[in-house]
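Engineer: sequence below, structure please.
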Amino acid sequence: MTAKAPAAASVLAKGFGRPSCAAPTRSPHSLNPTSSAMTELVERARAAVLEFFHASPEEYVAIFTPNATGALRLVAEAYPFHPGDRFLLTFDNHNSVNGIRG
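Structural biologist: Numbers count the residues shown, from 1 in each chain. Sure thing, here's the model as predicted:
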């Protein structure tokens with residue numbers, strides 16, 4: 001039985017004109033041709049996202065997360081909460097927001 005490649009990897013691999021099993025979570029430190037090619041595709045995707053939002057690469061970086069939970073967790077963990085700070089939630093938050101702890 002062969003594992004199916006993630007949809008994102010399959011879409012990106014089409015640009016090479018040949019099948020690839022490289023995942024976007026590959027080792028960016030590898031000199032393997034498949035890993036290097038995927039790194040190039042990810043970097044081009046980052047550049048395209050910044051261009052779409054008219055965001056300067058000198059000021060911004062595009063970070064890809066697996067889902068809303070991953071994105072919200074990343075922001076919450078990086079936010080400089082201090083003792084006594086308040087984190088207010090609305091009644092209709094996404095479940096990912098409800099799990100944020102200050």
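Engineer: show me what the lengthiest helix in the chain is packed up against.
Structural biologist: Longest helix in the chain by number of residues (criterion: DSSP state H): helix 33-52. Using 3 or more CB pairs under 8 Å, 6 or more residues apart in numbering; DSSP states H and E, the elements in contact with helix 33-52 are helix 7-13. No exception for glycine: its C-beta is placed from N, CA and C like everyone else's.
Engineer: could I get the average pLDDT for the helix it packs on?
Structural biologist: Mean pLDDT, helix 7-13: 49.
Engineer: then stretch 89-102?
Structural biologist: For stretch 89-102, the per-residue pLDDT averages 74.
Engineer: contacts only, for residue 30.
Structural biologist: residue 36 (CB atoms under 8 Å, 6 or more residues apart in numbering).
Engineer: any idea how far it lies from residue 37?
Structural biologist: As for residue 30, its distance to residue 37 is 11 Å (criterion: CB to CB, to the nearest Å).
Engineer: try residue 45
Structural biologist: With distances taken as CB to CB, residue 45 is found 13 Å from residue 37.
Engineer: which of those two has more residues huddled nearby?
Structural biologist: residue 37 (18 against 15; other CB atoms under 10 Å).
Engineer: domain boundaries for this structure, per the record?
Structural biologist: Domain segmentation of the chain under automatic domain parsing yields 7-52, 68-98.
Engineer: so of those, which one's packed in deepest?
Structural biologist: Of those, the one with the most neighbours on average (mean count of other CB atoms under 10 Å) is domain 7-52, at a mean of 14.
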